[in-house]
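1. Have a look at this fold, sequence not included:
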């Protein structure tokens, strides 16, 4: 099975899922947000959950945070089409609230499979929820701390025998509300460029 077919299988499974967020998606006529980008990406970006713009379009990072993510990628010369962008949770939590632990537990196995299919060299986590999940999942739990201490640092791990670098980053939305984080994110993105 090709990577495209395997990723399509994940999409088909997410569409059929049931639970509070999936039921809300169907009621609101939203889309699940599975992910998009290159299936051979060197970098996979992982956010926490889609917002309203994303749920309306079925695409990750298309609102204000997405525009800033595009600017960050452009600032280091990485085309958006060459990376893969997804979230842990594939359906929008109401009012953009933080995802609950049971929601992360339900959706995260789909993201784990996306990582295994794409086989990135770098996993860039966007925000504390994806940072905590990825670092716990891939044997970096002993390195965990506040995102304010870990952002822009590079952690080495292995996934299915392949070396992978994990780079925690602030969520681009945080820079919209906190201007000093903008320059921090711009600097942290320079680290990504050195890893591919």
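-> Here it is on my side, so go on. The shown structure was predicted, so the numbers you read here are calculated from the model rather than taken from an experiment.

2. Now name the helix or strand holding residue 123.
-> Secondary structure assignment for residue 123, by DSSP states H and E: strand 122-126.

3. mind listing what that strand pairs with, with the direction of each?
-> strand 43-47 (parallel), strand 162-169 (parallel) (DSSP bridges).

4. Report the central residue of this structure.
-> residue 46 (1.2 Å; Cα atoms, centre = their mean).

5. Now for it: which residues touch it?
-> 86-88, 111, 123-126, 130, 134 (Cβ atoms under 8 Å, 6 or more residues apart in numbering). All C-beta atoms are positioned from the backbone trio N, CA, C, and that covers glycine.

6. so who does residue 139 touch?
-> So residue 139 contacts 157-158 (Cβ under 8 Å, 6+ apart).

7. can I assume it sits in a helix?
-> No: assessed with DSSP: H, G, I helix; E, B strand; the rest coil, residue 139 is coil; it does not lie in a helix.

8. any idea how far residue 151 is from it?
-> Per Cβ to Cβ, to the nearest Å, residue 139 is found 20 Å from residue 151.

9. Could you measure from residue 196 over to residue 29?
-> From residue 196 across to residue 29, the span is 38 Å (Cβ to Cβ).

10. quick one, helices of the protein?
-> Using DSSP state H, the helices of the chain run over 3-16, 20-28, 52-57, 64-75, 101-118, 128-137, 147-150, 172-177, 180-195.

11. check contacts around residue 127.
-> Counted by Cβ under 8 Å, 6+ apart, residue 127 has contacts 47-48, 147, 169-171, 173-174.

12. With respect to residue 73, which of those residues is nearest?
-> Each of these was scored against residue 73 by Cβ to Cβ, and residue 169 proved nearest at 11.8 Å.

13. Thought residue 151 was touching the closest one, still the case?
-> Yes: contact criterion Cβ atoms under 8 Å: residue 169 and residue 151 qualify, at 5.8 Å.
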